[in-house]
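>>> Please work out how this folds:
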Amino acid sequence: MEKETKKEAFRKYLESSGVLDALTRGLVALYEQNDKPSSAIEFIQQKLGGPTISDYEKLQAEFSDLQIKYDDLLLAHQEKCGEV
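Okay, the predicted model is just below:
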């Protein structure tokens, strides 16, 4: 019986936090698509407000570029501080 109580508590938690509604809206939108997307997961992620896989990859590349620039600037700063 304890297992059922935990399940019910978790279901209520999902319902009260809006998770069930958000997932339902995403699944209904996917169902109503005439031309089904090639990636159902990516479609649902977009409906939930998350980045697409390509957006995520672009952000990773941008982060890497910025990390390199930061490291270069930090090194230049340290070298300048050492000259004073």
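>>> In the chain, where's the longest helix?
helix 53-83 (DSSP state H).
>>> Please name every helix or strand in contact with the helix or strand bottoming out on mean pLDDT in the chain.
Using mean pLDDT, DSSP states H and E, the weakest-scoring helix or strand in the chain turns out to be helix 40-47, at a mean of 90. In terms of contacts (3 or more CB pairs under 8 Å, 6 or more residues apart in numbering; DSSP states H and E), helix 40-47 is packed against helix 19-32. To be clear about C-beta, it is placed using only N, CA and C from the backbone, and glycine gets the same treatment.
>>> next one: the helix it packs on to chain centre, how far?
Taking CA atoms, centre = their mean, to the nearest Å, one finds the center of helix 19-32 at 17 Å from the center of the full chain.
>>> pLDDT of that helix, averaged?
Averaged across helix 19-32, pLDDT comes to 95.
>>> So for that helix, what gets flagged as buried?
Within helix 19-32, the residues that count as buried by 16 or more other CB atoms under 10 Å are Gly26.
>>> Correct me if wrong: Phe43 contacts Tyr31.
No - with contact defined as CB atoms under 8 Å, Phe43 does not reach Tyr31; the gap is 10.8 Å.
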